[in-house]
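Undergrad: A structural model of the following input is requested.
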Amino acid sequence: MHLNTHMMFNNASTAVLKQDKEFLHLEGQGDYSQDICVCGEEAAIYRCQDCHSSKMFCHLCMVCVHARQPFHKMERWDGISFDNITSKSMGICLQLGHTSGICCDNPLPAFNNNFVIIHYNGIYEVGLDFCRCASAQPHIIQLLCVRLFPATTVDPKTATTFRALEYFQMLSFKSKVSMFEFYKTAARLTDNTGIHVPKDQWQFIKQMQHTGQGHHPKGIAATEPGACAVLCPACPHVGKNLPDGWENAPSEICSCSSHNAVNLADTRVLHGLVATGASTIDLALNISYDIACQWSNHIWTHMSAFPHQYHIKHHEKSIVFLIPKFHLPAHTAKCQTSFSFNLIKGVGHMDGEAPECGWADINPIATSTCEMGPGSRCDTLDDHFNDWNWKKICAMVSYNFALIEVQEHVNNLTNFKASLATDELAEWRKDIEAWEEDHSQPNPFEDRAMTTMTQAAMHLALSTAEATEIERSNNVSLHDDILPSVLISSGLELEDQQRRLEFDAKVVGQHATDVQKGKLLQQVNALHQCIDTWGQVQLLYMCGISRLRSPDDIATEAKVHNINLFLPSSLPHRVPCDDRLLEHEWELCEAQAYDTLNDLHTDTFIRGQRANTQANGIINNAERRIDALSLKYSTSRSALLNLASRLGKNDNWERSLKPLDKQKDAVPLKHDDGRTMGQQSISWIWKTSGSNSNELGLQDSLRVEWCKAQARAHRWEEEVQLLHEEMCRVIAFLDWHAGWWDMQGSRHTFSSLKAREGALAYAQRQANLRQKMAVHFKSMWAANSSWQAPLAVDLHS
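TA: Okay, here's the model as predicted:
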């Protein structure tokens, strides 16, 4: 083993030495050491770092080779090493205003014979002559003709190559690097410093070009607000991707094979919605906001203070307030069922987060824009937002995921319905339809039979009762800060922490890292200290446990989860205990048991989902939580059994809180290889809804789960229908846009033949690009035959 390792090290070292030798080889003349150039005239002492080989040339040959390559880095051999030289020092001069090889009769050297050009691989001081013949163009035009962007419009002394600006623009889109950082990078590749680089003109001019404003008959001065935005081809645009006469379309099914806006509008799930593009476009409005639950309460009152043109005619519209999906889990359960995109018909799988999705992309540019003036800042932000929109357009080809999802959820709903009574389904559908029409009606997605007291509510009730006792001067507290109910609730929490710590230790295992061991030890020490402090207060209320536990038992117990807390339920009958403490633990344990069952509902539902690569981690976590929750429930129930005998409780509570078999009872409503279970084989945990447990608890759980299953299937059905319509609109928009660019080439009258030719060429290139995109999208979508017609699934029968 050691011999093989030694041999591998030697081989690697040999390879590194060879590479190092080659690097050093390149520092000298290497294989191209020669006295005379290939031309046979002069000594070969020059070479270029950017040319393909390191071949050496004489001065004359070097000038001939690089007369049209002024941005190559050249070096001169001084007999010992190479020195960097510039094309200007070699006598190379860029002549503007004439084609290559033609001498100018009246050249004008740049100011002080010092012109600086910024390229993507460095900053170069070059020799440059403008043309001042009688027919010469202005200096900035002469620079633009050779793809050099001048830093100023008057007497420019600095320019940037188009290639460098294009490179920077793409680099900034991906990395958000600023122009200053890009410039400093180029400066570090050379020896030049202190040159001011243009910040905004390139972006502005390219924006005008990309949006066709330079082809406008009246020039860019006629640019209208919004004309430079990258439009979404999937959104409906009148005159671009909507059929003629769409606003007057009859209610019957349209026979147009290219556009399905009216067809979709007639379907039940999309009737009357803004997204359909039908004649009812002004009758509905969905408003999404992070805190819409609070913001919507007084919106119309506050809106009345705004100018009239900003008012929404909410009395004439169907207004629905929603909370974006990412923000919704932070809200209360009431909000999660009242403001969820998943439960509102017609929205498909819109998440409401679109305005914020671009923030992660645009935030890094803030370090650059904060130093800019208003004009540069607006141009930079517009440029980046347009690039974000363009990337979204290019990603529209990925739509096939919706077909897989809709079929799966429709099948799940069909299987679920097979085990339910027809009259119940009809009643539940009426509840959903009533709520969709009027949200003041009972929400079918909320539990109605849940009558249990939660742990939080029980804590509040006990604290309120103790506060009342204190007001009546009946205070039985033996500690200034810890009341009897707080003692018991804290003990139950410590008991729960012991269970969690034991589970964590098992998960970490014997091969834990030092970091994992350190974190676990910190938790053990903290819990040890908490139990010790709690135990001292416990002796005030339960002095009898001093006969069961010595003062050193807690400190000497190595495994903190093995420490016996001696809660009232665990005390032997011979040990006296205040009835108030027994009653407090009874009430808290009963609430804890019901809370645990509710948590089991969630985790067993997750475990019942179809496993895939992404879901395996979630399902495994749910399995571990089910183990912990099962133990927590069993512990609570055992405590109730012990307390019932001491308090003289009847056995009614056992009808709701039955013994739990994790393998048999902790199962989802829908399990057994994906088949929907009938009522007779559903676990008792789904039938428990409180102390008055009966079939109402089961039916309520089934109703909520079925309503959510139907909502999921409906949303995916809507998503497929909306995506199919978007596909039609995308193709129609690209076809329209290609035709629009075809017409732009000849719109503007240019005095120069070359300008007319360039305008036609650019417009044709843009038209061809849209046509290629349309063909590509069509071919990708045509590969799946299901997209040839909207998916028709009857979810309402």
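Undergrad: make it CA atoms for all contacts and neighbour counts henceforth
TA: Will do.
Undergrad: what number of residues lie near Asn121?
TA: 16 (other C-alpha atoms under 10 Å).
Undergrad: shift numbering so it begins at 664
TA: Got it, the first residue is 664 from now on, which makes the last one we talked about Asn784.
Undergrad: which residues touch the closest residue in space to it that isn't next to it in sequence?
TA: Excluding its sequence neighbours, the residue lying closest to Asn784 (C-alpha to C-alpha, 6 or more residues apart in numbering) is Ala849, at 6.0 Å. Applying C-alpha atoms under 8 Å, 6 or more residues apart in numbering to Ala849 gives the contacts 781-786.
Undergrad: most centrally placed residue in this structure?
TA: Geometric centre of the chain, nearest residue: Cys1020, 6.0 Å, by C-alpha atoms, centre = their mean.
Undergrad: for this protein, where's the lowest mean pLDDT among helices and strands?
TA: helix 924-928 (a mean of 36; mean pLDDT, DSSP states H and E).
Undergrad: tell me which helix or strand comes right after it.
TA: strand 947-951 (DSSP states H and E).
Undergrad: which residues touch the helix or strand following that following strand?
TA: From strand 947-951 onward toward the C-terminus, using DSSP H and E, the following helix or strand is helix 955-958. With contact meaning C-alpha under 8 Å, 6+ apart, helix 955-958 is reached by 984-986, 998, 1002.
Undergrad: pull the distance from helix 955-958 to the chain's centre.
TA: Centroid displacement of helix 955-958 relative to its chain, using C-alpha atoms, centre = their mean, to the nearest Å, is 23 Å.
Undergrad: can you check stretch 709-728 too?
TA: Here stretch 709-728 is found 51 Å from its chain centre; the criterion is C-alpha atoms, centre = their mean.
Undergrad: again, but for stretch 1003-1021
TA: The answer for stretch 1003-1021 is 13 Å, by C-alpha atoms, centre = their mean.
Undergrad: and stretch 949-964, which residues are buried?
TA: 949, 951-956 (16 or more other C-alpha atoms under 10 Å).
Undergrad: per-residue confidence averaged over it?
TA: Averaged over stretch 949-964, pLDDT sits at 88.
Undergrad: please apply the same query to stretch 1368-1377.
TA: Mean predicted confidence for stretch 1368-1377 is 86.
Undergrad: so what touches it?
TA: Contacts of stretch 1368-1377 (C-alpha under 8 Å, 6+ apart): 932, 1005-1006, 1008, 1011, 1069, 1072-1073, 1075-1076, 1079-1080, 1091, 1095, 1107-1108, 1458.
Undergrad: can you point out the buried residues in it?
TA: 1368-1377.
Undergrad: redo those as TSV? Include secondary structure and distance to Arg795.
TA: Converted to TSV, the buried residues of stretch 1368-1377 look like this (DSSP: H, G, I helix; E, B strand; the rest coil; distance: C-alpha to C-alpha, whole Å):
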residue	secondary structure	distance to Arg795
Glu1368	helix	82
Trp1369	helix	83
Cys1370	helix	81
Lys1371	helix	78
Ala1372	helix	78
Gln1373	helix	78
Ala1374	helix	75
Arg1375	helix	73
Ala1376	helix	74
His1377	helix	73
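Undergrad: which of these lies closest to Ala1065?
TA: Ala1376 (11.2 Å; C-alpha to C-alpha).
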